[in-house]
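**Student:** kindly generate the corresponding structure for this input.
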Amino acid sequence: MKGAALFHPKAKAWVKGRIGLLPQLERSIGKDDRVIWMHVASLGEFEQGRPLLEKIKRTYPTYRILLTFFSPSGYEVRKNYSGADWVFYLPMDGPKNAKRFLDIVHPSLVIFVKYEFWYFYLKKINYRKIPLLLVSALFREEMSFFKWHGSISRKMLSRFDHLFVQNEASLALIEKIGLGHLASISGDTRFDRVLELSSQRLPIASIDQFKGDAPLLVAGSTWPGDEKVIATALLDKRLATLKVVIAPHEINSTRLKELQSLFPTAQLLSSIENNPTSTIVIIDSIGLLSSAYQYATFALIGGGFKEPGIHNTLEAAVYGVPVFFGPNYKKFAEAIDLVNTGGAYPLDDSTNASGQLANQLHFFLTNNNKREESGLAAHHYVQSKKGASEIILKYIQTKQLLT
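**Tutor:** Numbering: from 1, shown residues only. Now for the predicted structure:
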């Protein structure tokens, strides 16, 4: 990672953020502090763990919250998060670091979110008999835990006191390797988070005014592959009344220039004018996307073409709108469920993706009842999955993990 830091800004931030980290922790956390430690990989996992963290904070106000991140993309955005008493990077895994970290933090409860597995941290937490939970875990058969060579991975899983998994398929895999006694289905805490976000949504007057009475496609967390599909679809004259808001996954000068080149008539949200001929707006600041979806007639979720995978479909689905995304979605259980319930529509990884998108948008624009049915299916799906945070909190209370 240190070598990569010479060439990659994120790697540089990852290394720089860990310089002098343990002494910083030692100066911050007192020996008499009662600490609950939650660790997340990045921003998505933070949003996943957040509703549980905030419930715990309200229920156990005498405890202080330590939140750690592995990734700079999560830490840099949430380093000032007011729901935690301290926000830090996680020091590198290793026997000495893990021992010193736990000596400093002395947590009463440890919660890891979804995919985080660090061998020495888990080993030493287990040896110290500190309650250790994994929440919103999602397992797939191709993971190392379920392979002949996965003994170390299975050992890490066995260190947890309880594994809260998202679905039946994950539980079945855990049972298959003899750890079913440690696991139960709680669901995914992200559903609780998106429902909270929708109830706390902020009005965005400029988007509301831009939309007017026109149908609006909100494209969230987009990458170049998504944007090219949208640009080609908009050439279809049947979509002449459609307006578009695009929120790129990365907001920097290079990406904004790329977008303005692809969409020459687009306005930036920060400098938007009341221009009746403008049909495209680019969101050029972070933190607005989840609220922007409230104005959507349709949503397109980025990351599903040549990128690693789609981003958060639930932030859009909660508002009861049909959702579109590229073909790289099959590692995401909620996306599969949305497709199966009729609330989402995957596009092909081919030159036909733009035509598919144009045809589907035109169909919904001319069949309002079908659009409403699809949107309701998306909304009802999200509503049906709420409650995971409460299940985990009740476990903590029943087992008296914090007494």
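
**Student:** residue contacts, Val77?
**Tutor:** Taking C-beta atoms under 8 Å, 6 or more residues apart in numbering as the definition of contact, the neighbours of Val77 are Leu43, Ile286. The C-beta positions use only the backbone N, C-alpha and C, and glycine is treated the same way.

**Student:** how near is it to Gly44?
**Tutor:** Computed with C-beta to C-beta, to the nearest Å, the distance linking Val77 and Gly44 is 11 Å.

**Student:** do the same with Phe364
**Tutor:** Distance, Phe364 to Gly44, by C-beta to C-beta: 28 Å.

**Student:** neighbour-wise, which of those two wins?
**Tutor:** Of the pair Phe364 and Gly44, Phe364 is the one with more neighbours under other C-beta atoms under 10 Å, namely 22 against 17.

**Student:** the more buried one is in contact with Lys370, isn't it?
**Tutor:** Yes: contact status for Phe364 versus Lys370: in contact at 6.3 Å, counting by C-beta atoms under 8 Å.

**Student:** partners of Trp37 in the sheet?
**Tutor:** Beta bridges link Trp37 to Leu66, Val110 when assigned by DSSP bridges.

**Student:** neighbours around it, how many?
**Tutor:** Using other C-beta under 10 Å, Trp37 has 26 other residues around it.

**Student:** show me what contacts it?
**Tutor:** Trp37 makes contacts with Leu66, Leu67, Thr68, Val105, Pro107, Leu109, Val110, Ile111, as judged by C-beta under 8 Å, 6+ apart.

**Student:** Glu45 too?
**Tutor:** With C-beta under 8 Å, 6+ apart as the criterion, the residues that contact Glu45 are Gly74, Val113, Lys114, Tyr115, Glu116.

**Student:** out of these, who's nearest Pro203?
**Tutor:** The shortest approach to Pro203 among the contacts of Glu45 belongs to Gly74, at 27.0 Å (C-beta to C-beta).

**Student:** could you export the contacts of Trp37 as JSON lines, including neighbour count?
**Tutor:** Written out in JSON lines, the entries for the contacts of Trp37 read as follows (neighbours: other C-beta atoms under 10 Å):
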{"residue": "Leu66", "neighbour count": "23"}
{"residue": "Leu67", "neighbour count": "26"}
{"residue": "Thr68", "neighbour count": "23"}
{"residue": "Val105", "neighbour count": "21"}
{"residue": "Pro107", "neighbour count": "23"}
{"residue": "Leu109", "neighbour count": "20"}
{"residue": "Val110", "neighbour count": "25"}
{"residue": "Ile111", "neighbour count": "24"}
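
**Student:** tell me the mean pLDDT for the helix or strand encompassing Ser108?
**Tutor:** Following DSSP states H and E, the helix or strand that holds Ser108 is strand 107-113. Strand 107-113 carries an average pLDDT of 97.

**Student:** just checking, what packs against that strand?
**Tutor:** Helices and strands in packing contact with strand 107-113 are listed as strand 35-40, helix 43-59, strand 132-137; criterion 3 or more C-beta pairs under 8 Å, 6 or more residues apart in numbering; DSSP states H and E.

**Student:** can you flag the weakest of these by average pLDDT?
**Tutor:** For these, mean pLDDT drops lowest on helix 43-59, to a mean of 94.

**Student:** buried residues of that helix, list them for me.
**Tutor:** 43-57 (16 or more other C-beta atoms under 10 Å).

**Student:** neighbours of Gly20, how many?
**Tutor:** Gly20 is flanked by 9 other residues according to other C-beta under 10 Å.

**Student:** I meant to write Ala296 there.
**Tutor:** By other C-beta under 10 Å, neighbour count at Ala296 equals 24.

**Student:** now do it, the pLDDT please.
**Tutor:** For Ala296, the model assigns a pLDDT of 98.

**Student:** now do the one 5 residues further on
**Tutor:** Ile301 carries a pLDDT value of 97.

**Student:** in space, what's closest to it - neighbours in sequence excluded?
**Tutor:** In space, and not counting its chain neighbours, Ile301 is closest to Phe325: 4.4 Å by C-beta to C-beta, 6 or more residues apart in numbering.

**Student:** picking that back up, of all the buried residues of helix 43-59, which comes closest to Asp33?
**Tutor:** Distances from Asp33 to these, taken by C-beta to C-beta, are shortest for Lys57, at 14.1 Å.

**Student:** give me the number of residues near the closest residue to the closest one other than its chain neighbours?
**Tutor:** In space, not counting the residues next to it along the chain, Lys57 is nearest to Ile65; the distance is 5.8 Å by C-beta to C-beta, 6+ apart. Each residue near Ile65 was counted by other C-beta under 10 Å, and the total is 19.

**Student:** what's the answer for Thr222, then?
**Tutor:** By other C-beta under 10 Å, the residues close to Thr222 number 27.

**Student:** is Ile130 within a helix or a strand, and which one?
**Tutor:** Secondary-structure element containing Ile130, defined by DSSP H and E: none, the residue being outside all helices and strands.

**Student:** tell me the centre residue of the chain?
**Tutor:** In the chain, the residue lying closest to the centroid (C-alpha atoms, centre = their mean) is Gly44, at 2.7 Å.

**Student:** skipping its backbone neighbours, what lies nearest that one in space?
**Tutor:** Using C-beta to C-beta, 6+ apart and skipping residues adjacent in sequence, the residue nearest Gly44 is Asn312, 6.9 Å away.
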